[in-house]
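**Student:** Using only what follows, build the 3D model:
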Amino acid sequence: MSTSENNLSTLDYDAPFYELTNGNGAVAKVIPFGATVTSLKIPTKNGDLIDVVLGFDSVEGYEKSFQLDGSPYIGTTVGRYAGRINEGKFELNGKTYQLAINNGPNSFHGGINNFSKKTWKVEAVTTGKNPSITLSYSSAANEENYPGELTVSLTYTLSEENELILDYKATTTEDTIINLTHHGYFNLDGHQSDVSNQDLIVYAQKVLETREDCIPTGKILEVADTVFDYRTAKKCPATIDNTFVVENNEAVKATLFSSLSNIKMDVYTDQPGVHIYVGGNCGPDLKGKENASYHALSGICFETQNFPDAPNHPHFPSAVLKKGEVYTQKTTYKFQSKSI
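**Tutor:** Now for the predicted structure:
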């Protein structure tokens, strides 16, 4: 664990990596910039240690990734609002708000200077069993034109059951909207491989219909007899950028499995949606950690969240956080390994 200064400039390229190690030898690395998971090494029954997430070796790599067309948001925490908001507009308490625009005519992943580009404060780090790190960020009122000062905390816990557990909390000084998510790119064969031969299951009966620019139309479609039917295992698609509607908080929402590494990952969440995205492309000039070349099939994201553009669809789950209330969210990525 690093003991370096926690309040870091976004230009501090020597920012510390905080390590969490459980009793099984699993290791997670987190940096304050973007509250980002940079590495997650999972032990296999055969004695290997496989890094199952994409990442960079330094803060500089993450900052450079935001200069790419189609920034990949590798491993970051996304907010204030994950996904797209149509034309960056929403109405709250009779007032129309115009958010910062950063994705065609729409607002995307919180706007221009979003949470993924902020240096979060490290509040606490625990070691021993179920090690954890808690980070926080206070978003000023009107940042990216969102109402209210929003104070967010996120705790990453690496459990003794090889789970990466994410616990979010947030409060606001005014009624506002919120939709937080983790944007990790997973690859169970290691971050320098591709996901095309890994098996995907999404335990969802429905998916959001979207326009070509990925804005929801408001319709919720059955997945049966469509390309979105992942209720039984299918290979990871070459392209996907869609929100699945999930129910039953106690159940597994999605599963990823590699027959090569024999690692299985189950995704649990209390959120109504899991947005599945395959990608990670960083082009030829920006290398990932260990000099990796990340491409369009490098990883798959399981963005557990509310629905994109929910503030503009009254029949979607509410994204409003009222003054005096507390936003909470819990997501777990659980890993299991079998002997080959």
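**Student:** Spatially nearest residue to residue 158 (excluding sequence neighbours)?
**Tutor:** Using Cβ to Cβ, 6 or more residues apart in numbering and skipping the chain neighbours, the partner closest in space to residue 158 is residue 20 (4.3 Å). (Glycine included, C-beta is placed from N, CA and C.)
**Student:** Find the helix or strand that the one you found is a member of.
**Tutor:** Using DSSP states H and E, residue 20 sits within strand 18-21.
**Student:** Show me what whichever helix or strand comes after that strand is packed up against.
**Tutor:** Heading C-terminal from strand 18-21, the first helix or strand you meet, by DSSP H and E, is strand 27-31. If contacts are counted by 3 or more Cβ pairs under 8 Å, 6 or more residues apart in numbering; DSSP states H and E, strand 27-31 sits against strand 18-21, strand 36-43, strand 150-158.
**Student:** Could you list every helix and strand in contact with the shortest one?
**Tutor:** What that stands for is strand 18-21. Checking 3+ Cβ pairs under 8 Å, 6+ apart, strand 18-21 ends up next to strand 27-31, strand 132-139, strand 150-158.
**Student:** what do you get if the cut-off is 6 Å, keeping everything else the same?
**Tutor:** Under the contact definition 3 or more Cβ pairs under 6 Å, 6 or more residues apart in numbering; DSSP states H and E, strand 18-21 sits against strand 27-31.
**Student:** pLDDT on the strand it packs on, on average?
**Tutor:** Averaged across strand 27-31, pLDDT comes to 97.
**Student:** what's the closest non-adjacent residue to residue 38?
**Tutor:** Spatial nearest neighbour of residue 38, excluding adjacent residues (Cβ to Cβ, 6+ apart): residue 55 at 4.0 Å.
**Student:** For the one you found, which residues are in contact?
**Tutor:** Residue 55 sits next to 38, 39, 75, 289 when contact means Cβ atoms under 6 Å, 6 or more residues apart in numbering.
**Student:** Return the member of the residues you listed nearest to residue 185.
**Tutor:** Proximity of the contacts of residue 55 to residue 185 was ranked by Cβ to Cβ; the top entry is residue 75 with 7.1 Å.
**Student:** Tell me which helix or strand that closest one sits in.
**Tutor:** Here residue 75 is assigned to no helix or strand, by DSSP H and E.
**Student:** Could you list the low-pLDDT ranges of the stretch 1-150 of the chain?
**Tutor:** Scanning the stretch 1-150 of the chain for pLDDT under 70 picks out 1-15.
**Student:** Would you state the helices of it in chain order?
**Tutor:** Ranges of helices in the stretch 1-150 of the chain, per DSSP state H, counting those that start in this stretch, are 59-65.
**Student:** wouldn't residue 35 be in contact with residue 75 here?
**Tutor:** No: between residue 35 and residue 75 there is no contact under Cβ atoms under 6 Å: 9.3 Å.
**Student:** More neighbours: which of the two?
**Tutor:** A direct count of neighbours by other Cβ atoms under 10 Å for residue 35 and residue 75 places residue 35 higher, at 32 against 28.
**Student:** That one and residue 46, how far apart?
**Tutor:** Counting by Cβ to Cβ, to the nearest Å, the gap from residue 35 to residue 46 is 32 Å.
**Student:** repeat for residue 87
**Tutor:** Distance from residue 87 to residue 46, counting by Cβ to Cβ: 52 Å.
**Student:** So for the two, which sits in the more crowded spot?
**Tutor:** Between residue 87 and residue 46, counted using other Cβ under 10 Å, residue 87 has the larger neighbour count: 16 against 11.
**Student:** wouldn't that one be in contact with residue 103 here?
**Tutor:** No: look at residue 87 against residue 103 with Cβ under 6 Å: they stay out of range, at 10.6 Å.
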